[in-house]
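J.: this is a predicted model, with the sequence first.
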Amino acid sequence: MSSSSAAHDVSFLRLTSLPMLLEREIESMILDGRLSIGGRINENQLAATFGVSRGPVREALRSLEALGLVELLPNRGVFIRSLDIAQVVEMYGVRAALFGYAAQLLAGRMEAGVVAPLRAMLDEMAEAARAHDFDRYYPLNFAFHDFIVEQAGNGVLTAQYRGLVKQLRLYRAGNLMTGNTLELSNEEHARIVAAIEQGDPLAAYQTSFDHVERGKERLLARSVSLAHAEERRA
């Protein structure tokens, strides 16, 4: 390879990878709350923070718009997407179908080594639930669902599911799992694992679908409770 060709390849790599790196970092800033939901994104400020020009930042934001995490409002700029409860309910319906299908696929192609990690996560979540430790339970809960989707072996399903979960994280209504809901959630997890272990695709689909639907009901109940609390404070 000539020196000019090598230089071109390095330049191309730099130009194509930088927006991707920025996309991942900005996505992380959105999902962990460093950037406010509904807030306007200042391209100049981000460019200065990362020490880059506005071009790669703009490319990263276009990708995040395609993922449904930001939205471009004409004559106003780029804003972090804000979801209302009606949109969240619709997304939960799709998530229920996707997660149910993932469990169905996994139960139908049961492979060695799948159940043991799921049961280990069940045990860890049970400990967190008994302690009412949401901060410990939440990442385990996320890993449990993601493991099932990943192990289902359908790349399109995995991409669609993960994209939807990212969008749902834009809806922050406080701690949506309180009291005994952690225990209830993990009891539902146990039924999912039992169906997968038994190699029963139909039961795996139904228990998984129902689990997400009940999660939606818990979210709605908590959202209403928070709304009433805000009204009383007003």
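T.: Received the coordinates, thanks. A quick note: this is a predicted structure, and the numbers were derived from the prediction, not measured.
J.: in the protein, which spans are strands?
T.: 70-73, 77-80 (DSSP state E).
J.: any chance of the ones you listed in JSON lines, with mean pLDDT and distance to Leu168 too?
T.: (Each C-beta comes from the backbone N, C-alpha and C, glycine too.) Below are those laid out as JSON lines (pLDDT from 0 to 100; distance: least, C-beta to C-beta, whole Å):
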{"stretch": "strand 70-73", "mean pLDDT": "92", "distance to Leu168": "15"}
{"stretch": "strand 77-80", "mean pLDDT": "93", "distance to Leu168": "14"}
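J.: who wins for proximity to Leu157 among these?
T.: Taking C-beta to C-beta, strand 70-73 is the member of those nearest to Leu157, at 24.4 Å.
J.: which other helices and strands does that closest one contact?
T.: helix 54-66, strand 77-80 (3 or more C-beta pairs under 8 Å, 6 or more residues apart in numbering; DSSP states H and E).
J.: if you count neighbours, what's buried in that strand?
T.: Val70 (16 or more other C-beta atoms under 10 Å).
J.: mind checking how far Arg81 is from Leu69?
T.: As judged by C-beta to C-beta, to the nearest Å, Arg81 and Leu69 stand 6 Å apart.
J.: related to what we said a few turns ago, which one of the helices and strands packed on strand 70-73 lies closest to Pro117?
T.: The closest of the helices and strands packed on strand 70-73 to Pro117 is helix 54-66. By C-beta to C-beta, the value is 31.2 Å.
J.: one step back: can I get the helices and strands packed on strand 70-73 in a markdown table with distance to Val224?
T.: A markdown table is the format used below for the helices and strands packed on strand 70-73 (distance: least, C-beta to C-beta, whole Å):
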| stretch | distance to Val224 |
| --- | --- |
| helix 54-66 | 31 |
| strand 77-80 | 24 |
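J.: want to throw these into TSV with mean neighbour count and distance to Gly38?
T.: Converted to TSV, the helices and strands packed on strand 70-73 look like this (neighbours: other C-beta atoms under 10 Å; distance: least, C-beta to C-beta, whole Å):
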stretch	mean neighbour count	distance to Gly38
helix 54-66	18	15
strand 77-80	17	6
